[in-house]
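[1] Following is a predicted model, sequence given first.
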Amino acid sequence: MRIFITCIATTSLLLMAGECKKKPLTAERLKGRLEVAGICMNYTIAVVEGKIDTNLTEAKWTDETTNKTYTNVFRLKSHCNFPDSIKQGDEFYFVVDSSEQKQCPVCLAYYPTPSKAVAIKVVE
């Protein structure tokens, strides 16, 4: 009887632990603009519409190559799934993508970017 109760308790705990897995958050759709399309996917993106966690963006950042200052920007972290069709100056909608990022080859040439990087998914 004691073993039976122990087995039921253990099984119940294991089933409940499965329900505690972190569920994906419903991401808010934001509007961004590709401000700088630097070499080797060194992309700087500005949030132009919507609210994003201010810990994810830099309030003010200056491109040391052009001395141009941008606001509410971040470095693109999700190189593999960023559409080739988006060009510098284009605006697009996106959500923050907290899923595990795919690895893909990206060259290592340097172009300055903000220190804060965000993985995103472009959406309609």
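    Arrived safely, thanks for sending. Residues are numbered from 1 along each chain as shown.
[2] next SSE after the worst-scoring helix or strand of the chain on mean pLDDT?
    Each helix and strand of the chain was given a mean pLDDT (mean pLDDT, DSSP states H and E); the minimum falls on helix 2-19 at a mean of 44. Later in the chain than helix 2-19, the nearest helix or strand by DSSP states H and E is strand 30-38.
[3] Where does pLDDT dip in this structure?
    1-26 (pLDDT under 70).
[4] switch to 50 and redo it
    4-26 (pLDDT under 50).
[5] A helix includes residue 65, no?
    No: under DSSP: H, G, I helix; E, B strand; the rest coil, residue 65 falls outside any helix and is assigned coil.
[6] How many neighbouring residues does it have?
    10 (other Cβ atoms under 10 Å). Backbone N, C-alpha and C define where each C-beta goes, glycine included.
[7] what's it in contact with, if anything?
    Contact analysis of residue 65 by Cβ atoms under 8 Å, 6 or more residues apart in numbering lists 111-112.
[8] Look up how far residue 44 lies from it.
    11 Å (Cβ to Cβ, to the nearest Å).
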